[in-house]
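coords please:
(chains A and B)
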Amino acid sequence: MGINILKMLNEANHALVLATDVGGILVPIIKGAATLIKEVSEGGAITYTVALKTGNQNLSDADAAFTDVINKVNAERAKANLPPLQTPAAD
Amino acid sequence: MRNLLPFVLLIALVMAGIAGCPKTRITDIPPNIAEKQLQTWYAATGAVKTIAQTTNGLTDAVIAAHTLIPDDDYQKILLALGKAAQAGIHVDSILKKVPNNFGKETKEQILAEIQPVIVEIQKADLEGLFSKSQSPELQAELSVLKTLTEAAWLLSSLAQ
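Model (predicted):
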């Protein structure tokens, strides 16, 4: 059943019909969610080694972006004389 | 409350779709590793990366639009984004330790980190700020915010 729902959501027209039933505000949520599900679930087949390498690269990229966010936030907090947020150690 | 019911039902349907969706097939897996756990870990790393990139983009947008945002709201929003980033680094650390064992304990740790992030973002009411703004740049950030919310929901669902 879950697969049928996913297939349905991945087809934009069906997503629009579904969203129209419950209110226009849900249209972008459903379309976006379907896209995201597709990105993470339809990558075809990859080897174990590639999965580990790609997954760990995703996490390194995420660490860098999160640290960037904290640095930017702290720069703005410093201007307002607010204490900085701590940056957790990335393992 | 009645108006919320379709939304709740729809989210439940989406979550059911995620739970039952076919994930990336991974080959050549060592015999002592469960493919399903590895698939979940792999999908979770992608969701975390999406959360990180969208949080970073939203931070840039908020800072660029500082003059359009009341001072109190400005620092409140930045604090929420900063806390989201802190939680994201914690989730990263958890995922780095468990590529081969995405079990119950890991899921509970991730849920404990990610659910407060969703609450923080909701409390900051970025959606209200962006949608009410007269600035086209801020209104354009609504789609980025939705991506962030969806990625957080997706990660949350993977950890259930």
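
so A:V69 makes contact with B:T59?
Yes. Using CB atoms under 8 Å, A:V69 is in contact with B:T59, at 4.9 Å. The way it works is simple: take the backbone N, C-alpha and C, and place the C-beta from them, glycine included.

The residue nearest to B:S135 when sequence neighbours are not counted: neighbour count?
Spatial nearest neighbour of B:S135, excluding adjacent residues (CB to CB, 6 or more residues apart in numbering or on different chains): B:L68 at 5.3 Å. Other residues within reach of B:L68, judged by other CB atoms under 10 Å in any protein chain shown, total 14.

Next: the one 5 residues further on.
Other residues within reach of B:D73 by the criterion other CB under 10 Å amount to 15.

Mind listing what's buried along the helix or strand hosting it?
For B:D73, the element it lies in under DSSP states H and E is helix B:71-97. The neighbour-count check on helix B:71-97 (16 or more other CB atoms under 10 Å in any protein chain shown) flags B:74-96 as buried.

pLDDT below threshold where in chain B?
Scanning chain B for pLDDT under 70 picks out B:1-23, B:134, B:137, B:140, B:150, B:153-154, B:156, B:158-160.

can you give me the helices for it?
Listed in chain order, the helices of chain B (DSSP state H) span B:4-20, B:35-64, B:71-97, B:104-124, B:126-132, B:136-158.

Would you mind telling me which of these is nearest chain A?
Within the helices of chain B, the stretch nearest chain A is helix B:4-20; the backing value is 1.7 Å (CB to the nearest CB).

returning to that earlier point: could I get the helices of chain B as CSV with distance to A:N58?
Listed next are these as CSV, based on distance: least, CB to CB, whole Å:
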stretch, distance to A:N58
helix B:4-20, 18
helix B:35-64, 4
helix B:71-97, 9
helix B:104-124, 15
helix B:126-132, 24
helix B:136-158, 12
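
Tell me which residue is most central in chain B.
With distances taken as CA atoms, centre = their mean, the residue of chain B nearest its centroid is B:A152 (1.9 Å).

For that one, which residues are in contact?
B:A47, B:I51, B:I114, B:V117, B:I118, B:I121 (CB atoms under 8 Å, 6 or more residues apart in numbering or on different chains).

again, only using 6 Å
B:I51, B:I118 (CB atoms under 6 Å, 6 or more residues apart in numbering or on different chains).

Am I right that A:A62 is in contact with B:I51?
No. Shown here, A:A62 and B:I51 do not form a contact pair, counting by CB atoms under 6 Å, at 7.3 Å.

where does chain A have low pLDDT?
A:1-44, A:90-91.

domain assignment for it?
A:1-44, A:45-91 (automatic domain parsing).

for A:L85, phi and psi?
A:L85 adopts backbone torsions of phi -80, psi 150, taken as degrees, to the nearest 10.

neighbours of it, just the number please.
A:L85: 19 neighbours (other CB under 10 Å).

Contact partners for it?
A:L85 neighbours (CB under 6 Å, 6+ apart): A:I70, A:N74, B:G82.

ok, so of those residues, who is nearest B:L145?
Nearest to B:L145 among these: B:G82, at 16.1 Å, using CB to CB.

That closest one against A:A75, yeah?
No. Between B:G82 and A:A75 there is no contact under CB under 6 Å: 11.0 Å.

A:P83 versus the closest residue to A:E76 other than its chain neighbours, what's the distance?
Closest residue in space to A:E76, ignoring its immediate chain neighbours: B:L78 at 5.5 Å, by CB to CB, 6+ apart. Distance, B:L78 to A:P83, by CB to CB, to the nearest Å: 13 Å.
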